[in-house]
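Undergrad: A predicted structure for the sequence below; I have some questions about it.
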Amino acid sequence: GNPQTMCIIFEILLQNGMEDEIPKVFEIFKGKGIAPTTEAFNVMMKYCESANRSYAVLRSMEISGCAPDKYTIYYLVRDGVLSTVDEVRRMLEKNGLQLDG
């Protein structure tokens, strides 16, 4: 699972307005035994800058069995996927993370 390849595929999908297809692509990767890391997903999410896109990456992470980390959560909040402290806390707890401050 080359993170650069993943990110290129991801960018192509975004450029063509196909964010809904992103989780499907990761289903295929998973079927082939290719799973990107949380870090690779975070790189993708860094460039999302929209709730739709970030949510698609989050779904892809879940499909791939990757746990969001604090960076993922930062991007999800930035892009409005998580909009309340409760949502953030739930996401953190689900992934064994602590809310700092």
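TA: Arrived safely, thanks for sending. Note that the coordinates shown come from a computational prediction; the quantities given were computed from them, not determined experimentally.

Undergrad: could you pull out the helices for this structure?
TA: Under the criterion DSSP state H, helices of the chain are mapped to 3-15, 22-31, 38-46, 51-64, 70-78, 85-94.

Undergrad: can you list those in CSV and add mean pLDDT?
TA: CSV is the format used below for the helices of the chain (pLDDT from 0 to 100):
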stretch, mean pLDDT
helix 3-15, 81
helix 22-31, 89
helix 38-46, 90
helix 51-64, 91
helix 70-78, 94
helix 85-94, 91
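
Undergrad: Rebuild those helices as a markdown table, extending it with mean neighbour count.
TA: The way it works is simple: take the backbone N, C-alpha and C, and place the C-beta from them, glycine included. Output for these, formatted as a markdown table (neighbours: other C-beta atoms under 10 Å):
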| stretch | mean neighbour count |
| --- | --- |
| helix 3-15 | 15 |
| helix 22-31 | 17 |
| helix 38-46 | 20 |
| helix 51-64 | 21 |
| helix 70-78 | 19 |
| helix 85-94 | 13 |
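
Undergrad: Would you check that Met6 makes contact with Ala40?
TA: Yes: between Met6 and Ala40 there is a contact under C-beta atoms under 8 Å: 5.4 Å.

Undergrad: Find the nearest non-adjacent residue to Arg59, please.
TA: In space, and not counting its chain neighbours, Arg59 is closest to Pro23: 4.2 Å by C-beta to C-beta, 6 or more residues apart in numbering.

Undergrad: how much space between the one you found and Arg53?
TA: Applying C-beta to C-beta, to the nearest Å, the value for Pro23 to Arg53 is 12 Å.

Undergrad: give the contact list for Asp20.
TA: If you count contacts by C-beta atoms under 8 Å, 6 or more residues apart in numbering, Asp20 has them with Ala56.

Undergrad: Model confidence for it, exactly?
TA: Per-residue pLDDT puts Asp20 at 86.

Undergrad: Alright, I will stop here.
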